[in-house]
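S.K.: Requesting a structural model of the entry that follows:
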Amino acid sequence: MPQDSATPFMALVIHDAAAPSVGRCMSSAASGMPLIAGPTVADTMGRLAGVCRLMVVGPDQLDEAVAVTKDYPNIRIAVLTPETTDRLIGTALRVPQIVGLLAWLPAGVRPWELSYITRRAVAPEQHTPPSSQMLLWGGSTVTWHPRTSEDRERAVRAVELVATRFGITRRVAATAADAAHELLMNAMYDAPIDSRGRRRYAGDRQASIALEQGEVPTMQLTVDSSHLALDVSDPFGRLPRQKVFGGILRGRSGAQAPRWGTVIDDSEGGAGLGLFNLFHSSAVLRVEVAKGRHTLVSWMVDRAVPIRDRRTMARSLHFVETQGATSG
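M.R.: So this is what the prediction gives:
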């Protein structure tokens, strides 16, 4: 597989009749970048004539993809899966090339989600897109900039109120308020550091705080006809991959244990249980980190999925790390 040509390519290896439509979505998102599709990872990569930017595979092809691409750290991998298993999350924990686990629903993958992860893989220098840029045109967005603990609580209450006014059911609106609280706690207590790199507020998450101007996070609620999304960003860029995937795995393990405390790592602000709860209550959990500059955590629910199906549906999980991208 030559990797010294300047011509970039993408690869697609999924065993599904929807492969042509998946390929068209990827090519459109990548502005026509050439796409090579094949029955196996080895066959597909052997026919590439340039630098591979993104490989999209099914869960059965993931191990082969990891093995074939281990010598090419710049290749990004996305997995289309009908079930977000512990095995997939564990592989994503140890393989930083994996940027997305995309839920394969009865209607297929969400086109906007596949377009998002494709563009982030092939054009990482672009600004981090908020959910309002990815969902249906005409959606409504409300923004908060909480500086104090009191501001945080007001913003959390406002999320529930505004969501119901936008037609969200009370049950989902209450879940969104819980997610807003966890996201803001992480952004306001865990993220800020001083000039020596020491965490300023994480020692006591019950304390009332007042952030300095350069520490204030931004929260956006976006609602369209199909989704509700919460984006919370902070100006620190300190959320590591291991904390995200590891916290979710510990939470999933703990859900089966007689006592949460035996498996949940509540160090560093208790993010293990918090991240698990965010993932478990979402349809899509998206994390973007520009090291030392910016972190965006986006929590999203799919209004089109019946409530009875939400517990068993596949969930999407993204982690994109860049050096220079900032929020858009």
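S.K.: C-alpha only now, for contacts and for neighbours.
M.R.: Noted.
S.K.: Any idea how many residues pack against Met313?
M.R.: Met313: 17 surrounding residues under other C-alpha atoms under 10 Å.
S.K.: Same question for the one 4 residues further on.
M.R.: Around Leu317 sit 23 other residues, with neighbours defined as other C-alpha under 10 Å.
S.K.: now swap in Arg303 and tell me
M.R.: 18.
S.K.: Which parts of the stretch 201-328 of the chain are strands?
M.R.: Using DSSP state E, counting those that start in this stretch, the strands of the stretch 201-328 of the chain run over residues 218-223, 227-234, 284-290, 294-302, 316-322.
S.K.: Nearest to Val41, out of the ones you listed?
M.R.: strand 316-322 (21.7 Å; C-alpha to C-alpha).
S.K.: How far away from the center of its chain is the closest one?
M.R.: Here strand 316-322 shows a centroid-to-chain-centroid distance of 5 Å under the convention C-alpha atoms, centre = their mean, to the nearest Å.
S.K.: Backbone dihedrals for Ala78, both of them.
M.R.: Main-chain dihedrals, Ala78, degrees, to the nearest 10: phi -120, psi 140.
S.K.: check contacts around Arg171.
M.R.: By C-alpha atoms under 8 Å, 6 or more residues apart in numbering, the contact list for Arg171 is empty.
S.K.: so it, which of the three states?
M.R.: The assignment at Arg171 comes out as helix when based on DSSP: H, G, I helix; E, B strand; the rest coil.
S.K.: ok, so what distance separates it from Val156?
M.R.: Separation of Arg171 from Val156 (C-alpha to C-alpha, to the nearest Å): 15 Å.
S.K.: Go ahead and confirm Thr7 touches Arg53.
M.R.: No: look at Thr7 against Arg53 with C-alpha atoms under 8 Å: they stay out of range, at 10.0 Å.
S.K.: between those two, who's got more neighbours?
M.R.: Between Thr7 and Arg53, Arg53 has the larger neighbour count (other C-alpha under 10 Å), namely 19 against 13.
S.K.: what residues are up against the more buried one?
M.R.: So Arg53 contacts 8-10, 74-76, 121-122 (C-alpha under 8 Å, 6+ apart).
S.K.: Which of those residues fall within strands?
M.R.: Within those, residues falling in strands by DSSP state E are 8-10, 76.
S.K.: If you rank those by neighbours, which is first?
M.R.: Busiest of these [other C-alpha under 10 Å] is Met10, holding 28 neighbours.
S.K.: Just list the residues touching that residue, thanks.
M.R.: So Met10 contacts 33-36, 52-55 (C-alpha under 8 Å, 6+ apart).
S.K.: go again using 6 Å as the cut-off
M.R.: 35, 52-55 (C-alpha atoms under 6 Å, 6 or more residues apart in numbering).
S.K.: confidence score at it?
M.R.: pLDDT recorded at Met10 is 95.
S.K.: For it, list each beta-bridge partner.
M.R.: Beta-bridge pairing of Met10 under DSSP bridges involves Leu35, Leu54.
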